[in-house]
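A.B. asks: Next input, structure requested:
(one chain, ligands or ions: 1)
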Amino acid sequence: MKTFHIVKKWYEAKACLLGFMVLLSNTSGLLSQAPPPVPTPQQLAWHDTEFYLFFHFGPNTFTNVEWGHGTEPEDVFNPSALDCDQWCRVAKQAGARGVIITAKHHDGFCLWPSKFSTHTVRESKWRNGKGDVIRELSDACRRNGLLFGVYLSPWDRNHPQYGTPAYNDVYVQTMTELLTSYGDLFEIWWDGANGEGPNGKKQVYDFHRFERVAAQLQPNAVIFSDIGPGCRWVGNERGLILSETNWCMLDTAGFQRGLGAPSNDTLNRGNENGALWLPAECDVSIRPGWFYHAEEDNKVKSPETLWNIYLQSVGRGANLILNVPPDRRGRIHEQDSLALMAFGEKCRKAFAHNLAKGKKVWTPHRVCAFTPKKYRSFVLDGDRSTFEKITSPNKSVVIDLGKKKKFNTLLVREAISQGQAVQSFSIEVPDGKGWREIARSSTIGARKILQFPEVKARQIRIRILASKREAALSEVEVYQVEEVR
Ligand code: FUL
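C.D. replies: Down below sits the predicted model:
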């Protein structure tokens with residue numbers, strides 16, 4: 001009996017130990033496979049907007065400064081021929097999918113007749129105080145099929161309650177009015193700038209409350225700020241991802257907007273192992289200033305410069321918001337619109353003929369390497385929601401263009417609905433003996449556009465050199481892009 005008990009105990013202990021070990025291995029398995037950060041449906045849609053315009057417009061347009069003091073008489077705001085449809089036409093010709101306007105900049109002037117301010121279009125003599133720029137622009141956007149968004153500066157140099165807790169109520173009321181009166185917004189812009197200086201008013205912003213209210217009123221809008229929560233500032237105002245590396249993830253714990261933000265370098269590259277999906281948005285002005293200044297009419301960026309900015313922002317997986325400041329008439333100046341039309345034309349031509357569209361691929365690892373089987377792949381179907389996992393051991397996908405073609409540009413998209421994984425990849429073409437590398441880069445993310453010296457080849461191999469986990473590609477496009485003139 002005693003022996004039986006000892007044996008029983010031994011088995012129980014063994015079973016317990018085994019159970020514990022199974023539990024442990026499961027847990028560690030779970031831990032090592034913690035799901036990666038992925039975009040929300042709103043962020044996923046936002047990634048597809050890629051490029052949109054920024055409009056800085058307000059009293060500064062007329063006083064020729066960049067940061068108004070908030071003491072400017074309302075009458076200075078007096079556009080002689082406001083035409084928001086013209087803004088939208090220019091945006092469309094440039095290839096922009098939406099626009100964002102400074103509904104209120106740091107000077108506190110509201111471009112709509114807000115009930116919560118006495119420093120608005122209503123107090124100006126423009127249209128006898130009956131005008132509303134936000135109404136005109138939001139209507140024009142809908143007419144022209146453009147997305148609409150607003151910039152609402154938290155910093156306010158005019159409002160008497162700024163610098164007190166009551167200002168948080170004012171901001172929420174103002175934002176509520178703006179977010180409920182002009183239809184659906186795709187993005188809300190919170191500037192991190194606060195230049196009051198040590199002797200100025202210091203506001204303790206209730207950003208958590210702002211976030212809650214904005215999310216409730218405009219659930220489809222993505223909120224921009226240094227640290228999101230929808231998308232992040234890119235760390236410079238030149239509109240550039242400065243290296244090949246751009247992770248859509250960021251760690252924000254312990255950071256704040258403005259001076260307490262992560263370093264510019266971190267904002268630029270993101271955090272490879274960051275906890276949140278917080279993709280970068282590149283902001284830049286077509287002119288040296290954000291607001292219109294006549295003396296900058298001959299300093300408008302050329303189509304070539306805009307193209308290079310596009311390649312280093314959109315082409316590196318970020319979104320691009322290009323500022324085009326309306327002039328004192330309330331129109332986009334001819335110089336800007338000429339540059340934008342040429343830039344738009346350049347982009348349309350560049351991406352008009354995807355040589356890989358509808359073609360077939362073969363992945364050497366999926367079939368016998370000696371008898372590669374071609375098949376229609378999700379990476380060539382033009383549908384960003386479908387994807388192909390690039391599995392080991394070769395970790396490559398070969399595109400067959402059907403016959404030899406000349407090309408110098410490749411656009412590749414990771415299936416970001418699955419997270420971002422690729423750390424580096426190469427592009428290769430056959431050289432008679434094997435494969436010759438023609439380009440190499442690091443991250444992909446929402447998209448990577450790579451340009452290289454023109455080659456003539458029938459096959460293109462994309463090889464994943466390093467990746468955090470199994471890579472998933474959603475689209476590959478191949479182009480022959482003519483020189484920018
Ligand atoms: C900055 C602001 O201070 C500028 O005036 C401009 O609005 C730019 C987009 O952001 O932080």
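A.B. asks: For the rest of this, base every contact and every neighbour count on C-alpha atoms.
C.D. replies: Fine.
A.B. asks: in the stretch 251-400 of the chain, what residue is nearest the ligand?
C.D. replies: residue 290 (5.8 Å; CA to the nearest ligand atom).
A.B. asks: Can you tell me the closest non-neighbouring residue to that residue?
C.D. replies: residue 56 (6.1 Å; CA to CA, 6 or more residues apart in numbering).
A.B. asks: Any idea how many residues pack against the one you found?
C.D. replies: The tally of other residues near residue 56 (other CA atoms under 10 Å) stands at 25.
A.B. asks: again with residue 234
C.D. replies: Around residue 234 there are 30 residues (other CA under 10 Å).
A.B. asks: Ok, the one 3 residues further on next?
C.D. replies: Here the neighbour count serves as a burial measure; for residue 237 (other CA under 10 Å) it reads 11.
A.B. asks: likewise residue 259?
C.D. replies: Residues near residue 259, counting by other CA under 10 Å, number 12.
A.B. asks: follow-up on the earlier one: contact partners for the residue nearest to residue 290?
C.D. replies: Residue 56 sits next to 101-102, 290-292, 323-326 when contact means CA atoms under 8 Å, 6 or more residues apart in numbering.
A.B. asks: Quick check: bridge partners of the residue nearest the centre of the chain?
C.D. replies: Nearest to the mean C-alpha position of the chain, by CA atoms, centre = their mean, lies residue 319 at 3.0 Å. Taking DSSP bridges as the rule, residue 319 bridges to residue 281.
A.B. asks: tell me the contacts of it?
C.D. replies: Counted by CA under 8 Å, 6+ apart, residue 319 has contacts 47, 49-51, 280-282, 313.
A.B. asks: Let's see if you can find the most crowded of these.
C.D. replies: Greatest neighbour count in the contacts of residue 319, by other CA under 10 Å, goes to residue 280: 36 neighbours.
A.B. asks: quick one on the thing from earlier: the residue nearest to residue 290 and the ligand, how far apart?
C.D. replies: 7 Å (CA to the nearest ligand atom, to the nearest Å).
A.B. asks: Need the per-residue pLDDT for that residue.
C.D. replies: pLDDT, residue 56: 99.
A.B. asks: OK, contacts around the residue of the stretch 251-400 of the chain closest to the ligand?
C.D. replies: Contacts for residue 290 (CA under 8 Å, 6+ apart) come out as 56, 66, 323-325.
A.B. asks: buried residues in stretch 410-420?
C.D. replies: For stretch 410-420, the neighbour count (16 or more other CA atoms under 10 Å) marks 410-420 as buried.
A.B. asks: Counting by contacts, list what the helix or strand residue 223 falls within packs against.
C.D. replies: Using DSSP states H and E, residue 223 maps to strand 222-225. Applying 3 or more CA pairs under 8 Å, 6 or more residues apart in numbering; DSSP states H and E, one finds that strand 222-225 makes contact with helix 41-49, strand 187-189, strand 231-233.
A.B. asks: neighbouring strands for that strand, and are they parallel or not?
C.D. replies: Strand 222-225 has the following sheet partners, assigned by DSSP bridges: strand 187-189 (parallel), strand 231-233 (parallel).
A.B. asks: pLDDT score for residue 301?
C.D. replies: Listed pLDDT for residue 301 reads 98.
A.B. asks: In three-state terms, label residue 69 for me.
C.D. replies: coil (DSSP: H, G, I helix; E, B strand; the rest coil).
A.B. asks: From residue 68, how far out is the residue of the chain found nearest the ligand?
C.D. replies: Nearest residue of the chain to the ligand (CA to the nearest ligand atom) works out as residue 193 at 4.4 Å. Distance of residue 193 to residue 68, computed by CA to CA, to the nearest Å: 13 Å.
A.B. asks: again with residue 113
C.D. replies: Separation of residue 113 from residue 68 (CA to CA): 19 Å.
A.B. asks: try residue 349
C.D. replies: If you go by CA to CA, the gap between residue 349 and residue 68 works out to 41 Å.
A.B. asks: of these two, who's got more company?
C.D. replies: Taking neighbours as other CA under 10 Å, residue 349 and residue 68 compare with residue 68 leading, 20 against 13.
A.B. asks: Hmm, the more buried one is touching residue 107, no?
C.D. replies: Yes - contact criterion CA atoms under 8 Å: residue 68 and residue 107 qualify, at 4.9 Å.
A.B. asks: ok, what's across the strand from residue 51?
C.D. replies: Bridge pairing for residue 51 - DSSP bridges - gives residue 320.
A.B. asks: What pLDDT is listed against it?
C.D. replies: Residue 51 is given a pLDDT of 98.
A.B. asks: mind listing what it touches?
C.D. replies: Residue 51 neighbours (CA under 8 Å, 6+ apart): 95-98, 314, 319-322.
A.B. asks: mind redoing it with 10 Å?
C.D. replies: Residue 51 makes contact with 91, 94-99, 281-282, 310, 313-314, 318-322, according to CA atoms under 10 Å, 6 or more residues apart in numbering.
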